Structure formats: C-alpha cells, structure tokens
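Asks: Quick check, what structure comes out for this input:
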Amino acid sequence: MKKLPLIAALLLLSSTAFAASFPDISLADLKTAMAAKKVTLLDVNGPVSYANGHIPGAIDFTAHTADLAKVLPADKNSLVVAYCGNEQCGAYARAAEAAKKLGYTNVEHFKPGIAGWKAANEPTEK
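Replies: Next comes the predicted model:
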C-alpha cells in the first residue's frame, strides 16, 4: 500500500514528460489552419463526448484507432492536431503518439481541449 503513492507519482511524471513532446497550437492558429483546411483534428474524448459536440471536422479517435491511417491525410507533413477535454487532460497524447508512429511529422496539441473551445464561444458540431 505504501508503494501506491510512489507508483502514482511516477506515472504522473512520465505522462507529463510524454505529453510535453508535442507542441501546443493556439486557438488563433488552429482557427487559421481550419479556415485554410490545412489541419486534421483528432478528438480523444470518447464517443459520448464526441456525439455531444466536437470541434467541427474533428475525427473521433476512439472510433478509428484500428484504421487511423485511413482517415489521416496521405501527406505525412500535414498538420495533425489532437485534443481532449481540457488543459489538465493528457489523453490527447494517445492520438498524437499514434499519428507520430504512422510517420506524421507535424503533430500538435490543442491544450484547451473541447472545454476551451466552448469557453471561447466557438461552434461545435454533432
């Protein structure tokens, strides 16, 4: 039982280090990329959250984990942005890492997530 807090601390540190490997994209830069149709968005919030509202054009990562290569662009230099619930959520890293493993070189993180998107009064899509 005494080892549980140590294990939890180590997991937190490792997930923080893992999450830091992808640069953040600002709301303004994300909106610019979306307007230019130069971004593929990966929503990592799960099917219920996705159905309730996601950033327009986003792909439900959980529905495409097995066939992610089919829904990502052919150009491996294309911008791929992963996001999850909010600034404290690290689940986005699963999608970002999956894209990176497929050879994508321009993978970023929208840190505010869907909560930040909604807080900025941006539209969602169902």
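
Asks: which SS state does the residue nearest in space to the middle of the chain fall under?
Replies: By CA atoms, centre = their mean, the chain has its centre lying nearest to Ala82, at 1.9 Å. Per DSSP: H, G, I helix; E, B strand; the rest coil, the local secondary structure of Ala82 is strand.

Asks: Same check on Val48?
Replies: The three-state assignment at Val48 reads helix, by three-state DSSP.

Asks: and it, how many neighbours?
Replies: Val48 sits with 8 neighbouring residues when counted by other CB atoms under 10 Å. Glycine gets a C-beta too; all of them are placed from N, C-alpha and C.

Asks: Please report how far it lies from Lys101.
Replies: Computed with CB to CB, to the nearest Å, the distance linking Val48 and Lys101 is 26 Å.

Asks: Glu87 too?
Replies: Distance check for Glu87 against Lys101: by CB to CB, it reads 25 Å.

Asks: for the chain, what are the low-confidence residue spans?
Replies: Along the chain, the model assigns pLDDT under 70 to residues 1-20.
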